[in-house]
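[1] Curious how this folds, go ahead:
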Amino acid sequence: MPISPKISWFRPILTGIFILVAFAVYGEPAHLYKMPIMDSYFYKVDPDKIKLEHTCSVYVPAYSHVYLSESQTASLGITLSIRNIDSKRKIYITQVEYYDTHGMLTDTLTTGLFALEPMATASYVIAQDDMRGGVGANFIVRWAGDKQMHPPIIEAIMVGNVGTKGYSFSSRGENISCNE
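    This next block holds a predicted model:
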C-alpha cells in the first residue's frame, strides 16, 4: 500500500532511525576504517606544488586475527601509526594500501598527497571485527620527503580480546625501496 503524500516525509526519518539502531546493535560495518583526522598537522596538499626529492615504500606486517588454537581465533583491531620523527621537516604520505594474507589489495586507505608536520603522527584504524586481512595482513606505506631527513617510524599496533583475555602487540615497518 503506497504511503500517503501527507506522511511521505516520514520514510527518510524511519530509514535513518533504522540505520542508527542497526549501528548501535551490530556496530559499524566491518569494511569501514578510520582515516586520520584532517587538521593543522595532517592535511591534503597539491602535488603540483611539492617537489618530492626522496620517496620510499615501507612494508608493515599486521594481523586482523591470530590463532589461539587450531580451531579458535582472536580478532584484532589494527592501528597503523605513521610517526614523523624529524623535528624540522614535513613528510608526505603518498599512498597507504592494506593487503590480505593472499597478497590481494583489500583497501587503498589514502589517495592523494598528505603532509604530516614535524613530530606529528597519523593513525589509520581497521575495525576489530574486520577480519578480511587475515593472519598475513599487511600495509604498504609510500612516503616522501627531503633527502636529509629522518625517516618516519611506521608500525602496526594490534589489540583484541576473547572473553576476559586481552591481546596486544606491535610490528615495525621494513623499508622495501627508496628512490632518490
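
[2] For the nearest residue to Pro61 once chain neighbours are set aside, list the residues it contacts.
    Nearest residue to Pro61, sequence neighbours excluded (CB to CB, 6 or more residues apart in numbering): Ser171, at 4.6 Å. Using the backbone N, CA and C atoms, a C-beta is placed for each residue, glycine as well. By CB atoms under 8 Å, 6 or more residues apart in numbering, the contact set of Ser171 is 60-62, 155-156, 158.

[3] Derive a PyMOL selection command for the buried subset of those.
    PyMOL command restricting those to the buried ones, with burial defined by 16 or more other CB atoms under 10 Å:
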select buried, resi 60+62+155+156+158
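
[4] Select from the contacts of Ser171 every entry located in helices.
    Among the contacts of Ser171, no member falls in helices (DSSP state H).

[5] Of the contacts of Ser171, which pair is most distant in space?
    Distance extremes for these: the farthest pair is Val60 and Met158 at 11.2 Å, using CB to CB.

[6] Determine the three-state secondary structure at the residue lying closest to Ile85 once chain neighbours are set aside.
    With sequence-adjacent residues excluded and distances taken as CB to CB, 6+ apart, Ile85 is closest to His150, at 5.1 Å. Classification of His150 by DSSP: H, G, I helix; E, B strand; the rest coil places it in coil.

[7] Need the per-residue pLDDT for His150.
    For His150, the pLDDT comes out at 91.

[8] Repeat that for the one 3 residues further on.
    With respect to pLDDT, Ile153 scores 97.
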